[in-house]
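A.B. asks: Task: produce atomic coordinates for the following.
(chains A, B and C)
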Amino acid sequence: MAVTTDRRLLEPWQDPKAPPYLRIDRVTKRFGDLYAVDDVSLNIFKGEFFSLLGSSGCGKSTLLRLLAGFEYPTSGRIFIDGVDVTDVPPYSRPVNMMFQSYALFPHMTVEQNVEFGLKQDRIPKKERQERVGEMLDLLKITELRKRRPDQLSGGQRQRVALARSLAKHPKLLLLDEPLGALDKRLRESTQFELVNLQERLGITFVTVTHDQEEAMTMSTRIAVMDAGQIMQVDTPTAIYEFPNCRFTAEFIGSVNLFEGKVIEREADQVLIEAHHGGTLRMRSFHPHPLGTPVTVAIRPEKMRLSEAPSPDGVNQLRGIVEDIAYLGDVSIYRIRSNGGQLVEMTLTNHQPRTEQALTWEQAVSVEWSPTSGVVLTE
Amino acid sequence: MKRRAWPLIGILAFGYAFLYVPILLLILYSFNESRLVTVWSGFSFKWYGALLHNHQLLDAAWLSIRIAATNATVAMVMGTLAANALVRHGRFRGRTGFELLLTAPLVMPDVIIGLSLLLLFVAMQQLIGWPTGRGFTTITIAHVTFSMAYVAVVVRSRLGQMDASLEEAAMDLGARPLGVYMRITLPLIAPALLSGWLLAFTLSLDDLVIASFVSGPGATTLPMVVYSSVRMGVSPQINALATLIVAVVALAVVIAGISLGRKPGR
Amino acid sequence: MSQSTRHHPKGRRRLSRLVNIGVPYFWLGLFFLLPFMIVLQISVAETALAQPPYTALWEWVADGLLQIQINLQNFMLIWEDDIYLAAFLNSLWVALICTLLCLLLGYPMAYAIATAAQRRRMLLLMLIVLPFWTSFLIRVYAWIGILNSNGLLNSFLLWLGIIDAPLQILHTQTAVYIGVVYSYLPFMILPLYANLTRLDPALLEAASDLGCRPLRAFFKVTLPLSKPGIIAGSMLVFIPVVGEFVIPDLLGGPSSLMVGKLLWTEFFSNQDWPLASALAIVLLAVLVVPFVLMQRLQQNMDEAAS
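C.D. replies: Next comes the predicted model:
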């Protein structure tokens, strides 16, 4: 009992009675004939670090702008903390945004930038200065307070933008590609810092990103978007391990897809006849009728590679090594199965490369267990 | 293109010489003792002295400066509004007509603008009794009509270059639209407003044709005085005047250059 | 949904729209568009010894009877009298020649400035704009002293021994060409420069990488891509020059009659307001084609930019 309560506190989306903090209810945004956001419903809970993930043009930025109030939905409602904010203009919403370009006012100092939002709320000067001081301390930019944006580095600008958008203690902080303008090294350290900051302040974060690694590292949950629609909402682990459709499976990480149809059903397993030959045995809790066309999705690192097939193995595929890409920590092998399908797999390089046995044009066997992948119907 | 082509440099040099030699000659001969252009009979400030005692010219200059300043201010406001409309309000109804009306004065021959405005003022006076007589007001209106287009071009390009998310950020932080415009947009386009103002001022100060049409008795602007004396042939006083104008412009450029050079961070 | 549309917060932008679009639109409509209607009206009136010196277009003759009189004689006169036709043709000719001359001189200059080192570019460009800030009238006047028969150019040529007797340049068409090119050159150079700096240098590198020699690359890549700049600059020179008054008046002579000067004379010297109006209407009609061309180009460029 105690365990489940704990779990519900940490993962409120598991609790059907938990009230959503941000509720997006059947929101559609149309530009002419284009459905930028197409009938999206989404519940986000207090204290979440939520990511909207998708390639450019998938509608994630429009959804964020709808939350900020820069766009108004063609239909549907948006509620924050139980209040309908659909028609509330951006300057009256309890929401702040960190822009991709940071949008720091070039004619104001760092201090004035951070103070800007507080001034709009007519907060007394003394309190204002205290809060600005707090924010500058929090983001460790106190010594930059008198500088102007053009005298700051990219990383410093990002901190100022963050301080400015947090200064008003918004109910919701929207971040548009928060790490997009930083170089790779800085991005990695900032990811963890952002998560720490969010946990300390308890503010709900909604971020937009096209970078799956970034989304996976930082988020409590991820919504994968495509063509204005949400394809899957789940924790990073679930999204990676149990994609619910081909789009998510292919969008996040690499995946091998085997198409086929169900030929036999057992307790929690199905037998699938693959189009490229062979019979696959996979775990599945869905009651697929016999003959259903399905796709088996297996991540490259979940496969085993050997020179000869193990005698008792299931899901065995024979083929030859067509290509090897050495990446240092891992190597990627491309194997052409005897049925003609290209299979990609990743092996950790436990040994120095020179001592590895497998080489080009070698006949090999690929295997995986029934629990290593998922069976997709679309 | 690291290698510079010499013919290109030759043409460039010729072009600059073509643009500047006449002005330099004007300046040089403003210090000439003699009336004649070809004869150098000694260095003298006498034409500057004569200029300072030419009351007709000084009065006209004062009128022109007042008109130019009023025009520049009104044109700056009008041109900025028009630029806002074009950049901020997207595809509003009648946009094509709006743009047409705004671009046409840029290239419209002065004689047409001058004539048409005069006929308008005459008709208006007959119909509603305003404007009574012609002079400061009518010239200023005429100048605003064509110089606001120049301001709009300058401000429009600056507004277009501005990062739109700056205004959104201000609004996101709680500023209302008017507040956003006053505290973010205006400070950021201020340089464009200044150059628009100066441009409108210069255009007004420079205009002969339109002012000749829409002015009335007693309202003589500086170009009108210059024109009537130039028609008589070469006049060293005009050389002195030209030198003073060039000096003022050069001074303004130097000041602008220094203040730009001192700007923090580049 | 209809409910939410009605209370759409975009209504808050209505006031801003009204001011930003309405105020300049009203001003331009009243002081730019309406006057053309009046010019059109007066162009079909008759001259009269009156104040103002033309007849009314309509008159209330008796109870409710409106008599409208349209007089097309001014237009007939412009068509029939050779002097007007000649002036129009000469104006177009001068504008054409001067546009070509400006292009010939301005293009290499704009190109040289656009390809100059970054730190020199601003200075070179400013030197192009600078004369514009000094008085146009005075700059034209400067040429009187230079082109006079006893002016500086003739003295210089005589001194060099190239000519024996002073050349008559002032008060000829040549003087008009010189004056126009001198005054309008910056208007050609600026749009060309703006266009040429936007050109990606990688395009020329790609052309040379693919085996194109520099001169050929210029004609195959740079020149075609700078077409918008060429058209914009040409229109900025051509259109106003057709109606130019000051330059033909101060530098030109009897052989270089231009329509702007003719209109001025009809208006100020002959007090023939209807004929001046008719000239303005015809001039306007002539300029509509290049103007629409320019406008179309501008819109295309705006669309490409956004």
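
A.B. asks: So which bits of the helix or strand of chain B with the lowest mean pLDDT are buried?
C.D. replies: Least confident helix or strand of chain B, by mean pLDDT, DSSP states H and E, is helix B:236-262 with a mean of 84. Using 16 or more other Cβ atoms under 10 Å in any protein chain shown as the test for burial, helix B:236-262 gives B:Pro236, B:Gln237, B:Ile238, B:Asn239, B:Ala240, B:Leu241, B:Ala242, B:Thr243, B:Ile245, B:Val246, B:Val249. For every residue, glycine as well, the C-beta is placed using N, CA and C.

A.B. asks: wait, isn't the first one in contact with B:Ser30?
C.D. replies: Right, B:Pro236. Yes - counting by Cβ atoms under 8 Å, B:Ser30 is a contact partner of B:Pro236 at 6.5 Å.

A.B. asks: anything in contact with each of the two?
C.D. replies: B:Trp47 (Cβ atoms under 8 Å, 6 or more residues apart in numbering or on different chains).

A.B. asks: okay, now C:Ser256: neighbour count?
C.D. replies: A count of nearby residues for C:Ser256, using other Cβ atoms under 10 Å in any protein chain shown, gives 22.

A.B. asks: Which residue, other than its chain neighbours, is closest to it?
C.D. replies: C:Gln173 (4.2 Å; Cβ to Cβ, 6 or more residues apart in numbering or on different chains).

A.B. asks: And A:Gln120, by the same measure?
C.D. replies: Closest to A:Gln120 by Cβ to Cβ, 6+ apart is B:Gly174, at 3.3 Å.

A.B. asks: got it, and C:Ser277?
C.D. replies: C:Ser43 (3.8 Å).

A.B. asks: For that neighbour, give its distance to B:Pro105.
C.D. replies: 20 Å (Cβ to Cβ, to the nearest Å).

A.B. asks: And for B:Val122?
C.D. replies: 20 Å.

A.B. asks: Test my guess that A:Leu152 contacts A:Val160.
C.D. replies: Yes - checked against Cβ under 8 Å, the pair A:Leu152 and A:Val160 is within contact range at 6.7 Å.

A.B. asks: Look at the two and report which has more neighbours.
C.D. replies: More crowded of A:Leu152 and A:Val160, by other Cβ under 10 Å: A:Val160, with 25 against 19.

A.B. asks: That one is in contact with A:Leu104, isn't it?
C.D. replies: Yes - A:Val160 lies in contact with A:Leu104 (Cβ under 8 Å); the separation is 5.9 Å.

A.B. asks: what's the overlap in contacts for those two?
C.D. replies: With Cβ under 8 Å, 6+ apart, A:Val160 and A:Leu104 have common neighbours A:Asn113, A:Pro149.

A.B. asks: Tell me where chain B is predicted with low confidence.
C.D. replies: Flagging of chain B using pLDDT under 70 yields the residue ranges B:1-4, B:37-38, B:260-266.

A.B. asks: What residues does it have near chain A?
C.D. replies: B:163, B:165-166, B:168-176, B:179, B:184, B:187-188, B:264-266 (Cβ under 8 Å from any Cβ of the partner chain).

A.B. asks: Filter those down to the ones in helices?
C.D. replies: B:Ser165, B:Leu166, B:Glu168, B:Ala169, B:Ala170, B:Met171, B:Asp172, B:Gly179, B:Pro187, B:Leu188 (DSSP state H).

A.B. asks: Out of the residues you listed, which end up buried?
C.D. replies: Buried among those by 16+ other Cβ under 10 Å: B:Ser165, B:Leu166, B:Glu168, B:Ala169, B:Ala170, B:Met171, B:Asp172, B:Leu188.
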